[in-house]
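K.L.:
Here is a sequence with its predicted model. Questions after.
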Amino acid sequence: MTIFEAYNHTKQKLKAAGIEDSVYEAKIIIKHITGLNNSQILTEYTKELTEFQQNNLTAILRQREIRYPLQYILGEWDFYKYKFKVGVGVLIPRSDTEILVEKCCEYLQGKTEPKILDLCAGSGCIGISLAKDFPDSAVVLLEKYPEAKRYIDSNIELNAAFNTLAVMGDIFEGDAGGQPYDLIVSNPPYIPPKEMAITSPETKFEPETALLGGEDGLDFYRAIIENYKSSLKDGGMLAFEVGINEAKCVAELLKNAGFVNVDITKDLNSIERVVTAIKE
């Protein structure tokens, strides 16, 4: 089987499994099993796969056919401008969350030695991306679960983000203490249990603790606003990723807590995805 034949075979298998981004995923899989970049694949598309590469491809396709996440299969994923290790026990970084990082970057422009807190940090992709973009910053990543904390530690090392500190903690058990932060950011669990049935099949393999946000999906927002407002500097920003149809509710929670300049930003699919607010 040539590289070109393997690509077409992969694309057809993924499409038959109901995977929407079958073309995109097929390209990533072929790059992964061959170790070639895009330009190399274009010039070497008639090259035969080795037996090992064919076996690897078969194994990956079998896992994707049951909708096991490609990110978990590969063990790492690109997010924003950086690469992150991911796997069972941690939420998969998604492109929607890049909008949250971009809004944080806009706010941090021009600030000297900003202090940043990433709550419910998961893989650490948000906090580490900000740490890399703002090397004079000091970033604390708070995570409750040891499985995810191990990924944060690995990703700090992978990205040489040594202006970060990963700590264990539960956002429901009080504030962060210490010096106030210029920015507090979070992509917390926000899916109501009733909506789990309509999420993508891949979501079933992700930890429920990183997905479920209480009956109305807003438990974590309430807790963060209540427990961490005192950890934010006057003029500091609180930034959230939110679920579908949650933006206005989260905005109202922030307004009721005395935050000002509450702003809602849409993602690339025109879904209201990020809510930011300033502590007066």
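P.N.:
Cool, got the structure. Quick caveat, the model's predicted, so the values are computed rather than measured.
K.L.:
Can you show me the helices along the protein?
P.N.:
3-16, 22-34, 38-43, 51-65, 70-74, 95-108, 125-133, 146-158, 219-228, 247-256 (DSSP state H).
K.L.:
Single out the most deeply packed of those.
P.N.:
helix 125-133 (a mean of 26; mean count of other Cβ atoms under 10 Å). Placement of C-beta: from N, CA and C, glycine included.
K.L.:
helices or strands up against that helix?
P.N.:
The contact analysis (3 or more Cβ pairs under 8 Å, 6 or more residues apart in numbering; DSSP states H and E) places helix 125-133 against strand 82-85, helix 95-108, strand 115-119, strand 138-143, helix 146-158, strand 164-168, strand 181-186.
K.L.:
Output these in JSON lines, with distance to residue 229 appended to each entry.
P.N.:
Shown next, in JSON lines, are those (distance: least, Cβ to Cβ, whole Å):
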{"stretch": "strand 82-85", "distance to residue 229": "29"}
{"stretch": "helix 95-108", "distance to residue 229": "17"}
{"stretch": "strand 115-119", "distance to residue 229": "12"}
{"stretch": "strand 138-143", "distance to residue 229": "15"}
{"stretch": "helix 146-158", "distance to residue 229": "24"}
{"stretch": "strand 164-168", "distance to residue 229": "20"}
{"stretch": "strand 181-186", "distance to residue 229": "9"}
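K.L.:
right, so of those, which gets closest to residue 209?
P.N.:
helix 146-158 (8.8 Å; Cβ to Cβ).
K.L.:
what pLDDT, on average, does that closest one get?
P.N.:
Across helix 146-158, pLDDT averages out at 96.
K.L.:
just checking, what packs against that helix?
P.N.:
Secondary elements touching helix 146-158 (3+ Cβ pairs under 8 Å, 6+ apart): strand 82-85, helix 125-133, strand 138-143, strand 164-168.
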